[in-house]
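Student: Kindly return the folded structure for what I paste below:
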Amino acid sequence: MNYPYVTEFRQSLVEWFNVEKRDLPWRHTTDPYKIWVSEVMLQQTRVDTVIPYYNRFMESFPTLELLAEAPQEYLLKHWEGLGYYSRARNLQAGVREVLENYGGIVPDNRHEISTLKGVGPYTAGAILSIAYNKPEHAVDGNVMRVLSRVLSIHDDIAVPKTKKVFEAAVEELIDPENASSFNQGLMELGALICTPTSPKCLLCPVREYCTAYNEGEPEKLPIKSKKVKMKHISYDVLVCQDDEGRFLLEQRAAEGLLANLWQFPMLEHGKDSIETFINDYAMNVQSQEDLLAFKHVFSHLTWHINSYFMKCNSAVKGEWLTREQIELLPMPVPMLKIWQEIKG
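Tutor: Residues are numbered from 1 along each chain as shown. Now for the predicted structure:
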């Protein structure tokens, strides 16, 4: 790549970021562990959503050691509502590897840091550049959008190998003296100015070096093919309360979607029926009423949920838990929504 305005681009971007950057809690530290936590939380999650989770997480787990020692249910309770729970499990596993293999010091080079559980090319580059100021690429969706417009890159960003094109571009453009501000500047520019639709080009600090702006059609980039088709599944969720005021819960499998989280029994339409469930548990249902009906959207999956509240006699089978016990368990967002309805 032969980009004629490298020096000017770097300087304009870094100066803009240092003046205009948002005041975010993880920007008050260069501790690589804390940067790591923030980057993992920010994957596929909005900044405004992450801030209270990050602050609470840092209060409970201010050091690698405390996170490494935490029981998984306690960790997942802190992650409850953020989604993509494998991020939390991988983060804990990666932290344990740092303690076991690197004496509690997060590696400062791409080769070693990339061996840690859950640390991919983006997270590695973000930690190295932000915490250690190393001139390493950290390419996410914001960065690809900005650079596709600045450099007029027409490769499909939905194709995994395209990320290599942008990583190479960052390696050529990055400011070796101000790698932290440069990479964060690209991300911030994509988040605040160079947005997917209606980019605020007149506020952009690098617009005079942007090919798409000069050609007058920045909205046409980046090129992105359509997403995978959404899968839809319908469930009946049963909130069963016994004579002692306890509720029937079950824990999800240790692998797969929402692994190890707790839920009220879920019956998939076409596979399970309420009648069969009641017979299996040998329960005597005294009353049943409708609760919430709603849908919950994952990245490639939508749950359509009808929930019901049932008063029944105590059953021998299953985990029957008190309200206090349930409050301590990590639950998926759809279950929290139902639980809030029950609590009133």
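
Student: buried ones in stretch 78-96?
Tutor: Across stretch 78-96, burial judged by 16 or more other Cβ atoms under 10 Å covers 78-80, 82-85, 87-92, 94-96. For every residue, glycine as well, the C-beta is placed using N, CA and C.

Student: What ranges does this protein have for its strands?
Tutor: 231-241, 247-251, 262-263, 266-268, 285-297, 301-312, 319-321 (DSSP state E).

Student: hey, which of those strands is tucked in deepest?
Tutor: Most buried of the strands of the chain, by mean neighbour count (mean count of other Cβ atoms under 10 Å): strand 262-263, with a mean of 20.

Student: which neighbours does that strand have in its sheet, and in what orientation?
Tutor: Paired strands of strand 262-263, with direction, are strand 247-251 (antiparallel) (DSSP bridges).

Student: Mind checking which of the buried residues of stretch 78-96 are in helices?
Tutor: Judged by DSSP state H, helices contain the following of the buried residues of stretch 78-96: 78-79, 87-92, 94-96.

Student: Now stretch 172-187: average pLDDT?
Tutor: The pLDDT scores in stretch 172-187 average 95.

Student: Next: stretch 23-34.
Tutor: Per-residue scores along stretch 23-34 average to 96.

Student: among the buried residues of stretch 78-96, which two are most distant?
Tutor: Within those, Gly83 and Arg96 form the most distant pair, 22.8 Å apart (Cβ to Cβ).

Student: Now do Gly216: how many residues are near it, please.
Tutor: 8 (other Cβ atoms under 10 Å).

Student: pLDDT wise, what is it at?
Tutor: 85.

Student: Throw the ones in helices among the buried residues of stretch 78-96 into TSV and include pLDDT, thanks.
Tutor: Formatted as TSV, these follow (pLDDT from 0 to 100):
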residue	pLDDT
His78	94
Trp79	94
Arg87	93
Ala88	94
Arg89	93
Asn90	95
Leu91	97
Gln92	97
Gly94	97
Val95	97
Arg96	97
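
Student: Output stretch 112-120 as PDB, nothing but the C-alphas.
Tutor: The C-alpha coordinates for stretch 112-120 follow below in PDB (Å, rounded to 0.1, in the frame of the first residue of the first chain):
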ATOM      1  CA  GLU A 112       2.600 -15.300  23.800                       C
ATOM      2  CA  ILE A 113      -0.600 -13.300  24.400                       C
ATOM      3  CA  SER A 114      -2.300 -15.000  21.500                       C
ATOM      4  CA  THR A 115      -1.800 -18.400  23.200                       C
ATOM      5  CA  LEU A 116      -4.200 -17.400  26.000                       C
ATOM      6  CA  LYS A 117      -7.700 -18.800  26.000                       C
ATOM      7  CA  GLY A 118     -10.200 -16.400  24.300                       C
ATOM      8  CA  VAL A 119      -7.600 -14.000  23.000                       C
ATOM      9  CA  GLY A 120      -7.900 -13.600  19.300                       C
END
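
Student: for that stretch, which positions count as buried?
Tutor: Result for stretch 112-120 [16+ other Cβ under 10 Å]: buried residues 113, 116, 118-119.

Student: Which of these scores worst on pLDDT?
Tutor: Gly118 (91).

Student: measure that one to Pro107 for me?
Tutor: 14 Å (Cβ to Cβ, to the nearest Å).

Student: How about Ser152?
Tutor: In terms of Cβ to Cβ, Ser152 sits 36 Å off from Pro107.

Student: residue boundaries of the helices in the stretch 1-150 of the chain?
Tutor: 6-20, 32-42, 47-60, 64-69, 72-79, 86-101, 110-113, 121-132, 141-151 (DSSP state H, counting those that start in this stretch).

Student: export the third one as CSV, just CAs?
Tutor: What that stands for is helix 47-60. Listed next in CSV are the C-alpha coordinates belonging to helix 47-60 (Å, rounded to 0.1, in the frame of the first residue of the first chain):
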residue,chain,number,x,y,z
VAL,A,47,-20.3,0.8,25.4
ASP,A,48,-23.1,2.3,27.5
THR,A,49,-24.2,-1.2,28.5
VAL,A,50,-20.7,-2.3,29.4
ILE,A,51,-19.8,0.6,31.8
PRO,A,52,-21.8,-0.5,34.9
TYR,A,53,-20.8,-4.1,34.3
TYR,A,54,-17.1,-3.1,34.0
ASN,A,55,-17.2,-1.0,37.2
ARG,A,56,-19.0,-3.7,39.2
PHE,A,57,-16.6,-6.4,37.8
MET,A,58,-13.5,-4.4,38.8
GLU,A,59,-14.9,-3.9,42.3
SER,A,60,-15.2,-7.7,42.8
